[in-house]
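A.B. asks: Give me the fold of what follows.
(chains A and B)
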Amino acid sequence: MAEVLIVSRFLQFAAVIVVFGCGAFRVYGLGIDMTATAGDALTTFDAWFWRVAMFGSILALLSALSLMLATTANMAGSASAALDPDTISKMLFATSFGRVWCWHLVFAVLALGVCLAQRVRWRMTAILVLSLLLLVSLGLVGHAVEGQGVARLVHQTNQMVHLLAAGLWLGGLVPLAWLLERARSASGTAWISVAREVVPRFSQMGYAAVALLAATGALNTLLLVGSAQALVGTPYGRLLGLKILLFLAMVTLALFNRFRLLPRLCSEAQASAVVAALARSVLFEQGLGFAILVVVSVLGTWPPAMHHHVG
Amino acid sequence: MVKHWLIVAAAVLAGAVIFGAPTVQAHAFLDHANPAVGSTVPTAPETVTMWFTQELEPAFTTATVTDASGNNVDAGPARIDPKDPTELRVALKKLSPGTYTVSWRALSVDTHTTTGHFTFEIKP
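C.D. replies: The predicted model follows:
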């Protein structure tokens, strides 16, 4: 059952983060001051975006459902409980996880509905809002609900900000990679011009997202691990240490992209080699990001503190 | 803009390190109980009360009390105190001297379960 929980959590995080990150990219990366050339780019991007959003919404809904069933089995202590309607309804309506998950499922269904409603004008806004709600509601379940009163509120708020920042950065890398691949493979320089306009915007957003991730991640570490000894002395701490190392590797790669490749992209007349290097680097950064999601999916099923005292 | 973000992040980090943060304990572990774990009591208790390290989910938290022969001696299902969701209480039938085992399965609000048992003795 633990494997189903971990895989469902990974798919859920990945799907929601990618849909939110792509939608946000559309706003801060492509939404403002577009030239006539970029207007075409916008149409092409939108066509790609809605395919991603559709796939992401289906995956988000399916993994939310499998997470619901796996959590029910886990709570009841038997795999067969996952198929018992009474136990499922008890989980959904009589536990704090279930009450959040009811809303989460509603948001997932609505997101899929928005993807299917092709002629609706406000659907870009709707998918952005719904993916944001999906992401934020993930901060209301799991380890963030520990503690009581103000401590719980601080932990949940911190977790929600952490998830949003992760969505902006890791989710944003997906459309960035798409754009760079376009610029690399298309004939002519039109897509390279778009990249020159958009990549610096992503970079600006990246600073804010990384700073937020570091700050909220540090607070989460303090809340869930508490000390340097626990970070190296417990399985949870060591796995969290791996997550931090992967994050630092991502930041290093991002800094390389920002300070080595981005200036060359903007200044060199023949930028195709730089675009190819940047595309490779962003893909690698994305790989590290998804590895972090795997680690996070496991961490959620482990106890952060290993003390067990009985008195 | 970027500098401001970095300053805010540094301030939050510094604040968290300087003032520290309470370590939150995940999963509901048994903190203490009445009658205490492994204790011998002079008179038969009417209830067993357990306090956990996390808030519990009433829908999936259970506890039973059995005598030395394995017969149930609790007088109904375990109940969680609505005012203090870390407190689990089991009413008992009238008990005679002997050793009793309390077994519990706790679901904490973070969706993790823990199980355990302990004994207490009533003096003859």
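A.B. asks: who's in contact with the residue in the stretch 51-200 of chain A positioned nearest to chain B?
C.D. replies: Across the stretch 51-200 of chain A, the shortest distance to chain B (CB to the nearest CB) belongs to A:Ala94, at 3.8 Å. C-beta coordinates here come from the backbone N, C-alpha and C atoms, glycine included. The contact partners of A:Ala94, by CB atoms under 8 Å, 6 or more residues apart in numbering or on different chains, come to B:57-59.
A.B. asks: filter those residues by proximity to chain A?
C.D. replies: B:57-59 (CB under 8 Å from any CB of the partner chain).
A.B. asks: Of these, just say which sits nearest to A:Arg184.
C.D. replies: When the ones next to chain A among the contacts of A:Ala94 are compared for distance to A:Arg184 (CB to CB), B:Glu57 wins out at 51.7 Å.
A.B. asks: ok, that closest one - how many residues close by?
C.D. replies: 25 (other CB atoms under 10 Å in any protein chain shown).
A.B. asks: Phi and psi next, for it.
C.D. replies: phi -100, psi 120 (degrees, to the nearest 10).
A.B. asks: so who does it touch?
C.D. replies: Contacts of B:Glu57 by CB under 8 Å, 6+ apart are A:75, A:94-96, B:107-109.
A.B. asks: And those, which two are furthest apart?
C.D. replies: Farthest pair in those, by CB to CB: A:Ala94 and B:Ser108, 14.6 Å.
A.B. asks: Next, the spatially most central residue of chain B: phi, psi?
C.D. replies: Nearest residue to the geometric centre of chain B (CA atoms, centre = their mean): B:Phe52, 2.2 Å. In terms of degrees, to the nearest 10, the main-chain angles of B:Phe52 are phi -110, psi 170.
A.B. asks: is it true that it touches B:Ala28?
C.D. replies: Yes - if you go by CB atoms under 8 Å, B:Phe52 and B:Ala28 touch, sitting 4.1 Å apart.
A.B. asks: between the two, what contacts are shared?
C.D. replies: Common neighbours of B:Phe52 and B:Ala28 (CB under 8 Å, 6+ apart) are B:86, B:106, B:108.
A.B. asks: Show me which of those residues is closest to chain A.
C.D. replies: B:Ser108 (7.7 Å).
A.B. asks: Compile the contacts of B:Glu57 into a markdown table and extend it with columns for secondary structure.
C.D. replies: Below are the contacts of B:Glu57 laid out as a markdown table (DSSP: H, G, I helix; E, B strand; the rest coil):
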| residue | secondary structure |
| --- | --- |
| A:Met75 | helix |
| A:Ala94 | helix |
| A:Thr95 | coil |
| A:Ser96 | helix |
| B:Leu107 | strand |
| B:Ser108 | strand |
| B:Val109 | coil |
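A.B. asks: Can you turn the buried part of those into a PyMOL selection?
C.D. replies: Buried residues within those, by 16 or more other CB atoms under 10 Å in any protein chain shown, are selected in PyMOL with:
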select buried, (chain A and resi 75+95+96) or (chain B and resi 107+108+109)
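A.B. asks: In contact with A:His104, which residues?
C.D. replies: A:64, A:134, A:137-138.
A.B. asks: Just the residues you listed: which are in strands?
C.D. replies: If you go by DSSP state E, the contacts of A:His104 have nothing in strands.
A.B. asks: Tell me the secondary structure at whichever residue of chain A sits closest to chain B.
C.D. replies: Chain B sits closest to A:Gly226 of chain A, with a gap of 3.2 Å, by CB to the nearest CB. Following three-state DSSP, the label given to A:Gly226 is coil.
A.B. asks: what comes up buried for stretch A:123-132?
C.D. replies: Quick answer for stretch A:123-132 (16+ other CB under 10 Å): A:123-124, A:126-132.
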